[in-house]
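[1] this one's sequence-less:
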């Protein structure tokens with residue numbers, strides 16, 4: 001299948017090319033975002049691949065449809081950048097990524113926590129300048145601290161498990177609490193306001 005892939009960068013192309021090895025689709029990589037102004041670039045392509053920053057509104061969809069596109073594959077879990085009602089009216093099929101890797105996102109989140117806690121970004125800059133002083137760079141142990149998590153879905157659950165591994169006490173908010181996870185990790189569910197108050201020491 002011929003596929004126009006919008007809003008691509010080098011890392012996108014490498015990953016998509018590797019994933020396409022076993023399918024041998026004909027991928028054409030385009031740098032511009034998919035919008036009403038660029039949709040005509042997909043003329044003659046039965047399928048397009050769109051990213052989260054694209055704007056696939058009714059006008060863009062009309063241009064895609066007129067050019068022969070019948071499938072829009074999103075490289076995102078979210079789909080609020082696509083006029084789904086208009087796509088359905090035109091008979092365009094829209095598919096999306098069911099989820100991102102919860103472990104990759106959770107690990108990145110914890111990496112940022114550690115970078116802030118241990119002031120890794122500041123220490124890195126100092127070392128580059130030949131300054132090895134520890135003044136202002138001393139962090140603190142996460143062990144025994146309270147960690148607040150808003151949302152305990154797939155990503156939040158992985159974050160909770162990692163932070164529990166550090167020995168943190170876990171507070172969480174979720175409109176649909178995960179009671180199994182709460183029992184497993186001794187998570188206490190509460191309101192965002194009360195969790196914020198606990199974390200700020202009030």
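    Yep, it's here. Treat the numbers as computed from the prediction; the structure is a model and nothing was measured.

[2] The top helix by length along the chain - contacts with which helices or strands?
    In the chain, taking DSSP state H as the definition, the longest helix is helix 102-117. Packing contacts for helix 102-117, counted by 3 or more Cβ pairs under 8 Å, 6 or more residues apart in numbering; DSSP states H and E, involve helix 154-165. All C-beta spots, glycine's among them, are computed from the backbone N, C-alpha and C.

[3] mind listing what's buried in the next helix or strand after the helix it packs on?
    Using DSSP states H and E, the helix or strand that follows helix 154-165 in sequence is strand 169-173. For strand 169-173, burial by neighbour count (16 or more other Cβ atoms under 10 Å) applies to 170, 171, 172, 173.

[4] Strand 169-173 pairs with which strands?
    Strand 169-173 pairs in its sheet with strand 146-150 (parallel), strand 188-189 (parallel), by DSSP bridges.

[5] mind listing the strands for the chain?
    Using DSSP state E, the strands assigned to the chain run over residues 2-5, 26-29, 47-50, 71-74, 93-95, 146-150, 169-173, 188-189.

[6] among the ones you listed, which is the most enclosed?
    Among the strands of the chain, strand 47-50 has the highest mean neighbour count (mean count of other Cβ atoms under 10 Å), at a mean of 26.

[7] Look up the pLDDT of the nearest residue to residue 120 once chain neighbours are set aside for me, please.
    Nearest-residue entry for residue 120: residue 114, 7.0 Å, with adjacent residues in sequence omitted and distances by Cβ to Cβ, 6 or more residues apart in numbering. Looking at residue 114, its pLDDT reads 96.

[8] From residue 172, how far off is residue 114?
    Plainly put, residue 114 is 20 Å away from residue 172 if you go by Cβ to Cβ, to the nearest Å.

[9] Residue 190 too?
    Residue 190 is 8 Å from residue 172, by Cβ to Cβ.
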